[in-house]
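Asks: okay, predicted coordinates and the sequence, questions at the end:
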Amino acid sequence: MKFPGRRKLRHYFPVAVDKTSLPRLEVQPKADTYIAGLDETIVDVIAEVDGNFLERYGIRKGLSNLVNSEVATAIYEELVNHNRISDHFAGGTIGNTLHNYSVLADDKSVLLGVMSQSIQLGSPEYHYICHTSSKVDMNHLQAVPGDIGRGITLITEDGERTFAIAPGEMDELTPESISEEIIANSAAFVTCAYPLRHADKPIKSSLLKCLDYASKHNVPVILTLGTRHLVEEYREEITDIIKRHVSVLAMNEEEASALTGHDNPLLAAEKALDWVDMVLLTAGPEGLYLCGYTESLSRRETTHPIKSGAIADFNQWEFSRPKRKKDCQTPVKVFSHIDPYMGGPEKIRNTNGAGDGALSALLHDIAANHFHRIEVPNSSKHHERYLAYSSFAQICKYANRVSYEILSQNSPRLSKGLPEREDSLEESYWDR
Ligand SMILES: Nc1ncnc2c1ncn2[C@@H]1O[C@H](COP(=O)(O)OP(=O)(O)OP(=O)(O)O)[C@@H](O)[C@H]1O
Ligand SMILES: O=c1[nH]cnc2c1ncn2[C@@H]1O[C@H](CO)[C@@H](O)[C@H]1O
């Protein structure tokens, strides 16, 4: 486990202890720190199109649209005939998040989903496996006879991405493939709302089973909402799942508005805090918000300039560490916000996965806390039970930095961790 960000030495973090046995790639639930995630396994097929292309196929811009196999074939053929396909990337919102987590933390994660039982060289499934970190344990994937999902990723002139998803057999994951031991020992369980739109498929009951296991074993559940129209369509069901199981909710402004009825991100986050312990709300060029709870007695005041919006002085306590509401005697709400790192990259190559990137940084901080609590239980960092290792403000910086990295590249997955020395960062960016 790498440390989440560069720090002064006064923070003891046992990362360099030699292991007595050879490392094993397969997760050992009782010995390893890892996060687990359930996803619809998808390969992103990238193509540049104009707005008219989307209209012709009735595809809603900026959203994830499900298409049947005839429409998928027609789109695919047109793209091939006009030489529009530029790349294949491993995708899936949780697949991306787990991969990025494993790259950032230099540690293990477990992917739950399906994979084709026979894979041909150069096929989309082959791309998926090749472009997934070796630290993502894929031994728990369930084999299926057919294809995994194809996410035709249509990039328009403005850099916006729109998905046409051809599901293949991505939703055939059965509850029997879910291991209680894997969920029970994970530092966090992360999933998305997408499987809810496949009520007639086994993946939905598999997802609910994972949520039950996580709740039973007090493992924090992190849910990312996926896309706005999914939230609009399944709002009641999603809200019910959030209230019953979710600890950390990740969403962008549009999804937040569809869920809570508030367009204002602070008000949307405040509303969601009635249901969950923490909210990560990404707001594109407006940066991101991280909101949650801390203990009133141990809250810490920010030294950053005070910000006001729909909530006055909202970032006053952003130097506090996040706690689950149930672990606070007197919970107080904390709000933190950060503008895009360096104002955003000079050229945004592709916005695909920027939000997933921010979430993987947050997951790294949560898992680092879990790891540190096990390795150094007497540390003053654990006198109280916290959800994450760093303060709200610090996690914002980290999440923001990772999003920037994703925006400056084509793929939603990091090819390497953040630079060890951040020359362009003021030192205070990391060591506060
Ligand atoms: N146009 C932009 N300029 C500067 N920074 C941006 C821009 N768009 C996104 N970002 C950065 O990336 C983060 C995440 O972006 P965004 O809100 O678009 O995520 P998202 O819609 O959840 O993305 P995805 O679903 O593709 O993962 C933002 O919080 C911000 O830091
Ligand atoms: O229906 C879906 N299920 C799972 N993942 C999806 C779906 N639609 C889009 N993405 C994934 O979201 C990532 C960017 O956030 C993309 O990589 C894409 O594969």
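Replies: Everything's here; your move. Numbering: from 1, shown residues only. Ligands and ions are numbered 1, 2, ... in the order given.

Asks: could you use CA atoms for every contact and neighbour count after this?
Replies: OK.

Asks: buried residues of stretch 159-177, list them for me.
Replies: 160-175 (16 or more other CA atoms under 10 Å).

Asks: low-scoring stretches of the protein, by residue?
Replies: For the chain, applying pLDDT under 70 flags the ranges 6-23, 420-432.

Asks: longest helix of it?
Replies: Ranked by residue count, the top helix of the chain under DSSP state H comes out as helix 354-375.

Asks: quick one: that helix near ligand 1?
Replies: Yes - contact between helix 354-375 and ligand 1 is present through 354-356 (criterion: CA under 6 Å from any ligand atom).

Asks: which other helices and strands contact that helix?
Replies: Helix 354-375 sits against helix 93-105, strand 248-252, helix 392-407, with contacts defined as 3 or more CA pairs under 8 Å, 6 or more residues apart in numbering; DSSP states H and E.

Asks: kindly recompute the last result at 6 Å.
Replies: Other helices and strands packing on helix 354-375, by 3 or more CA pairs under 6 Å, 6 or more residues apart in numbering; DSSP states H and E, are helix 93-105, helix 392-407.

Asks: same list (these) but as a markdown table, adding mean neighbour count.
Replies: Formatted as a markdown table, the helices and strands packed on helix 354-375 follow (neighbours: other CA atoms under 10 Å):
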| stretch | mean neighbour count |
| --- | --- |
| helix 93-105 | 28 |
| helix 392-407 | 25 |
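
Asks: for the residues of helix 354-375 next to ligand 1, which one is nearest residue 106?
Replies: residue 356 (17.2 Å; CA to CA).

Asks: distance check, the closest one against residue 365.
Replies: 14 Å (CA to CA, to the nearest Å).

Asks: for residue 269, same thing?
Replies: From residue 269 over to residue 365 (counting by CA to CA), the distance is 20 Å.

Asks: so which residues of the stretch 251-400 of the chain form helices?
Replies: 253-260, 265-272, 354-375, 392-407 (DSSP state H, counting those that start in this stretch).

Asks: which one of those lies nearest to ligand 2?
Replies: helix 354-375 (5.8 Å; CA to the nearest ligand atom).

Asks: buried ones in that closest one?
Replies: Quick answer for helix 354-375 (16+ other CA under 10 Å): 354-373.

Asks: which one of the residues of helix 354-375 next to ligand 1 is nearest to residue 115?
Replies: Checking these one by one against residue 115 (CA to CA), the nearest turns out to be residue 356, at 21.5 Å.

Asks: what's the nearest residue to the closest one if we skip its chain neighbours?
Replies: Spatial nearest neighbour of residue 356, excluding adjacent residues (CA to CA, 6 or more residues apart in numbering): residue 97 at 5.4 Å.

Asks: and that neighbour, how far is that from residue 412?
Replies: For residue 97, the distance to residue 412 - CA to CA - is 9 Å.

Asks: next one: residue 395
Replies: 20 Å.

Asks: same question for residue 150.
Replies: Distance from residue 150 to residue 412, by CA to CA: 15 Å.

Asks: who's more crowded, these two?
Replies: residue 412 (29 against 26; other CA atoms under 10 Å).

Asks: where does this protein come near ligand 2, residue by residue?
Replies: 40, 42, 44, 64, 91-93, 151, 163, 194, 352-353, 356, 412.

Asks: the same query, at a cut-off of 8 Å, please.
Replies: For the chain, the contact set with ligand 2 under CA under 8 Å from any ligand atom comprises 39-44, 63-66, 89-96, 150-151, 153, 163-165, 167, 192, 194-195, 226-227, 352-356, 412.

Asks: ok, back up a step: nearest to ligand 1 among the residues of helix 354-375 next to ligand 1?
Replies: residue 355 (3.4 Å).

Asks: OK, contacts around that closest one?
Replies: For residue 355, the contact set (CA atoms under 6 Å, 6 or more residues apart in numbering) is empty.

Asks: tell me the secondary structure at residue 111.
Replies: strand (DSSP: H, G, I helix; E, B strand; the rest coil).

Asks: cool, and the one 10 residues further on?
Replies: With three-state DSSP as the basis, residue 121 sits in coil.

Asks: what is the neighbour count of it?
Replies: A count of nearby residues for residue 121, using other CA under 10 Å, gives 8.

Asks: check the gap between it and residue 37 for me.
Replies: 26 Å.

Asks: so residue 287 versus ligand 2, what's the distance?
Replies: As defined by CA to the nearest ligand atom, to the nearest Å, residue 287 lies at a distance of 16 Å from ligand 2.

Asks: near that residue, how many other residues are there?
Replies: 18.

Asks: then the one 3 residues further on?
Replies: Other residues near residue 290 number 26, with proximity taken as other CA under 10 Å.

Asks: can you verify my assumption that it contacts residue 280?
Replies: Yes - using CA atoms under 6 Å, residue 290 makes contact with residue 280 at a distance of 4.7 Å.

Asks: ends of stretch 32-49, what's the gap?
Replies: With CA to CA, one end of stretch 32-49 sits 44 Å from the other.

Asks: residues near residue 341, how many?
Replies: 18.

Asks: residues touching it, list them.
Replies: So residue 341 contacts 400-401 (CA under 6 Å, 6+ apart).

Asks: apart from its chain neighbours, what residue comes closest to the residue of the stretch 51-200 of the chain found nearest ligand 1?
Replies: The nearest approach of the stretch 51-200 of the chain to ligand 1 comes at residue 93, 7.2 Å away (CA to the nearest ligand atom). Nearest non-adjacent residue to residue 93, counting by CA to CA, 6+ apart: residue 356, 6.6 Å away.

Asks: coming back round to it: so of the buried residues of stretch 159-177, which ones are in helices?
Replies: Going by DSSP H, the helices hold none of the buried residues of stretch 159-177.

Asks: could you pick out which of these are near ligand 1?
Replies: residue 161.

Asks: out of the buried residues of stretch 159-177, which sit inside strands?
Replies: Counted as lying in strands by DSSP state E, out of the buried residues of stretch 159-177, are 161-166.
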